[in-house]
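J.: Here's a sequence, model it:
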Amino acid sequence: MGQYECHVFICTFGSWCKRDGDTEAILKRFKQAVVGAGLQRRVRINKAGCLNQCGHGPMVVFYPQDRWYSRVTEEDVADLFEAEMVQRKPLLRLLYDAPPGDNKDLSRYPPELVAAERAKEGTG
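T.: You can find the predicted model right below:
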């Protein structure tokens, strides 16, 4: 076993996951849940860079379980923590099932917003 039993990654990078929800608040709630459960030595909560799943966020990933969750809200953190850390099962209502690789889908955003964000990022 590595230094931690579980790593939890929360996308806090870029404009899309943050646009879809308060990623910093989600991060804070996960950290509070870990401390509240006394799991600081076993579970590590991390900010993540872009997970290339833009348009599906906020995204949360649990490793080594390799379980991805989409559209996570602050209010979902308690249920997600309970499922993953206590019951050791996926939380099916938020489970994200996508093919490997980049799965960006910005179609739910106005085209002019996507164009403006891409121009700022230099991705045209």
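
J.: starting at the chain centroid, how far to stretch 42-55?
T.: Centroid separation between stretch 42-55 and its chain, computed with Cα atoms, centre = their mean, to the nearest Å, is 5 Å.

J.: By mean pLDDT, flag the weakest helix or strand of this protein.
T.: Least confident helix or strand of the chain, by mean pLDDT, DSSP states H and E, is helix 16-20 with a mean of 81.

J.: Can you list the buried residues in that one?
T.: Buried residues in helix 16-20, defined by neighbour count with 16 or more other Cβ atoms under 10 Å: 16-17, 20. Yep, even glycine has a C-beta here, placed from its N, CA and C like the rest.

J.: Next, work out how far apart the residue nearest the centre of the chain and Tyr109 are.
T.: Compute the mean C-alpha point of the chain, and by Cα atoms, centre = their mean the closest residue is Val60, 2.0 Å away. When Cβ to Cβ, to the nearest Å is applied, the distance between Val60 and Tyr109 equals 21 Å.

J.: Which pLDDT value goes with Gly124?
T.: Looking at Gly124, its pLDDT reads 56.

J.: Hmm, I typed the wrong one, I wanted Tyr4.
T.: Reported pLDDT for Tyr4: 91.

J.: what residues are up against the spatially closest residue to it that is not a sequence neighbour?
T.: Leaving aside its sequence neighbours, Tyr4 sits nearest to Arg44 (Cβ to Cβ, 6 or more residues apart in numbering; 4.4 Å). Shown in contact with Arg44 (Cβ atoms under 8 Å, 6 or more residues apart in numbering): 3-4, 6-8.

J.: Serialize those to TSV and add fields for secondary structure, neighbour count and distance to Trp68.
T.: Supplementary listing: these in TSV, determined by DSSP: H, G, I helix; E, B strand; the rest coil; neighbours: other Cβ atoms under 10 Å; distance: Cβ to Cβ, whole Å:
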residue	secondary structure	neighbour count	distance to Trp68
Gln3	coil	8	22
Tyr4	coil	17	18
Cys6	strand	18	14
His7	strand	17	13
Val8	strand	26	11
